[in-house]
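Novice: Just a sequence and a predicted model for now, questions to come.
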Amino acid sequence: QKEVEQDPGPLSVPEGAIVSLNCTYSNSAFQYFMWYRQYSRKGPELLMYTYSSGNKEDGRFTAQVDKSSKYISLFIRDSQPSDSATYLCAMKGGTSYGKLTFGQGTILTVHP
Amino acid sequence: EPEVTQTPSHQVTQMGQEVILRCVPISNHLYFYWYRQILGQKVEFLVSFYNNEISEKSEIFDDQFSVERPDGSNFTLKIRSTKLEDSAMYFCASSLNRNTEAFFGQGTRLTVV
């Protein structure tokens, strides 16, 4: 079983739609969760960072963590064509020295 | 806004040659990392560096790889004898401490021919 599972998509939605992106994980030592956005051949850009179960909101983005189910989500409201990118979940914790374990990434296209 | 910067953006090298990838982490950060992403694959951890020494490394980070912080600002990844399969995007990242969020540079695209 992979430590972090993320559906690679691709996901295609119309402009204005609510997008839901998800990851599951198996390692219960993971305590810190991040979502990154990555444009083609660019570095991951941090969108959200959470470390407790529950919701965290930042503008059009909401990150949700359910540690009991080992499940995290990112919601994007009022999606825009500029949101078209690959979205990566990443997590860390336990005895690691900051090592992030990434999901495969979900390719999102928002069409006008 | 502080950012992680990487140079060069693209490096082409011949198989067997040594390459050095350079990074300037965010200035007050204490943890530094290198990751690799082969085209179409997930981002993979290579190594973390703290207090002037390697704190953790992956199986990928074998004897061909080394890291160094030669001065107060730069953080480098050296690949001694490049192989075709080392072709990838290499990302440097830094974080304030091991549990805080990590910020990534724009990457160096390494092409080994």
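Specialist: That came in fine, so what should we check first?
Novice: what about stretch A:68-75, near chain B?
Specialist: No - shown here: stretch A:68-75 not in contact with chain B (C-beta under 8 Å from any C-beta of the partner chain), separated by at least 14.5 Å. Any C-beta I mention is one placed from the backbone N, CA and C, and that applies to glycine too.
Novice: For stretch B:67-78, list every residue counted as buried.
Specialist: B:67, B:69, B:75, B:77 (16 or more other C-beta atoms under 10 Å in any protein chain shown).
Novice: By pLDDT, give me the weakest of those residues.
Specialist: Ranked by pLDDT, the buried residues of stretch B:67-78 bottom out at B:R69 (94).
Novice: Give me the nearest residue to that residue, chain neighbours excluded.
Specialist: Distance criterion C-beta to C-beta, 6 or more residues apart in numbering or on different chains; nearest residue to B:R69, sequence neighbours excluded, is B:F75 at 5.2 Å.
Novice: related to what we said a few turns ago, select from the buried residues of stretch B:67-78 every entry located in strands.
Specialist: Secondary structure from DSSP state E places B:67, B:75, B:77 of the buried residues of stretch B:67-78 in strands.
Novice: Touching, the last one and B:Y90? I think so.
Specialist: The reference is to B:L77. Yes - if you go by C-beta atoms under 8 Å, B:L77 and B:Y90 touch, sitting 6.5 Å apart.
Novice: Name the residues contacting each of the two.
Specialist: Counting by C-beta atoms under 8 Å, 6 or more residues apart in numbering or on different chains, the common neighbours of B:L77 and B:Y90 are B:21, B:34.
Novice: Now do the contacts for B:M15.
Specialist: B:M15 touches B:82-84, B:112-113, counting by C-beta under 8 Å, 6+ apart.
Novice: State the distance from the residue nearest the centre of chain B to chain A.
Specialist: Among the residues of chain B, the one closest to the centroid is B:W34, at 3.2 Å (C-alpha atoms, centre = their mean). B:W34 sits 11 Å away from chain A, going by C-beta to the nearest C-beta, to the nearest Å.
Novice: about what we covered before: for my notes, please list the buried residues of stretch B:67-78 in TSV and give distance to A:H111 for each entry.
Specialist: As requested, those are exported to TSV (distance: C-beta to C-beta, whole Å):
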residue	distance to A:H111
B:V67	42
B:R69	45
B:F75	40
B:L77	38
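Novice: since we're on A:H111, how many residues are nearby?
Specialist: 11 (other C-beta atoms under 10 Å in any protein chain shown).
Novice: what about chain A, any weak spots by pLDDT?
Specialist: Counting by pLDDT under 70, chain A contains no low-confidence segment.
Novice: which bits of chain A sit near chain B?
Specialist: Residues of chain A lying near chain B (C-beta under 8 Å from any C-beta): A:31-32, A:34, A:36, A:41-46, A:49, A:51, A:88, A:90, A:92-93, A:96-105.
Novice: Of those residues, which belong to strands?
Specialist: Among the residues of chain A next to chain B, the ones falling in strands (DSSP E) are A:31-32, A:34, A:36, A:45-46, A:49, A:88, A:90, A:92-93, A:101-102.
Novice: Spell out for me the ChimeraX command that would select the buried members of those residues.
Specialist: To isolate the buried ones among these in ChimeraX, judged by 16+ other C-beta under 10 Å, type:
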select /A:31,32,34,36,46,49,88,90,92,93,101,102
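Novice: Looking at the ones in strands among the residues of chain A next to chain B, spot the one nearest B:S48.
Specialist: Taking C-beta to C-beta as the measure, B:S48 lies nearest A:K92 of those, at 10.1 Å.
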